[in-house]
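Enquirer: how would this look folded up:
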Amino acid sequence: MALLKMDCQGLVAKLVLDFVLLTTAVEVASRWRELAEKLARVSRQQMEAYEAPHRDKNGQLDNESMWKPAYDFLLTWAAHVGDSYRDVIQELHLGLDRMRTPITKRWKHLTGTLILVNCLDPLRGAAFCPTGYGDFAV
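Expert: Numbering: from 1, shown residues only. So this is what the prediction gives:
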């Protein structure tokens, strides 16, 4: 609320989007290739290019590092979706829902984030209401 009172809605949106992309990359990790196919129909060569910088000197990519190519892909994909953080999060949610055994069934963070981003305008408006008006729980 403090950032909204400082009229920093753009910063709030950027922080929320960065949080969503990073947590999704970590959550999906080893299944990132499936998500990439659902979101952007990424070729095998493109997927390997995302993984290449994260391979060790033996050419291996361990399971603990799988979030890194996932995050690289999501950043690139989000930039192509457009400037609307709402659209990026909505499309990501739809892509996750299309995966085999979707993580959105047990991972409710993204649904909560969608609710938050769709409430940013009313929250911003409430941040500038005169005292006594707009006193509702956030």
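
Enquirer: Distance from stretch 81-100 to the middle of the chain?
Expert: Computed by CA atoms, centre = their mean, to the nearest Å, the separation of stretch 81-100 from the middle of its chain amounts to 8 Å.

Enquirer: I meant to write stretch 35-45 there.
Expert: Using CA atoms, centre = their mean, the offset of stretch 35-45 from its chain centre is 16 Å.

Enquirer: list the helices and strands the top helix by length along the chain packs on?
Expert: Assignment by DSSP state H gives helix 9-28 as the longest helix of the chain. With contacts taken as 3 or more CB pairs under 8 Å, 6 or more residues apart in numbering; DSSP states H and E, helix 9-28 sits against helix 2-5, helix 67-81, helix 85-97, helix 109-118, helix 120-127. Every residue, glycine included, has its C-beta placed from N, CA and C.

Enquirer: could I get these as JSON lines with mean pLDDT?
Expert: Output for the helices and strands packed on helix 9-28, formatted as JSON lines (pLDDT from 0 to 100):
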{"stretch": "helix 2-5", "mean pLDDT": "68"}
{"stretch": "helix 67-81", "mean pLDDT": "95"}
{"stretch": "helix 85-97", "mean pLDDT": "90"}
{"stretch": "helix 109-118", "mean pLDDT": "76"}
{"stretch": "helix 120-127", "mean pLDDT": "72"}
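
Enquirer: and Val26, which of the ones you listed is closest to it?
Expert: Closest of these to Val26 is helix 67-81, at 4.6 Å (criterion: CB to CB).

Enquirer: For the closest one, buried residues please.
Expert: Within helix 67-81, the residues scored as buried using 16 or more other CB atoms under 10 Å are 67-74, 77-78, 81.

Enquirer: Can you tell me the SS state at Trp107?
Expert: When classified by DSSP: H, G, I helix; E, B strand; the rest coil, Trp107 comes out as coil.

Enquirer: and it, what does it touch?
Expert: Counting by CB atoms under 8 Å, 6 or more residues apart in numbering, Trp107 makes contact with Glu27.

Enquirer: Quick one: name whatever helix or strand follows the longest helix of the chain.
Expert: Next helix or strand after helix 9-28 toward the C-terminus (DSSP states H and E): helix 32-40.
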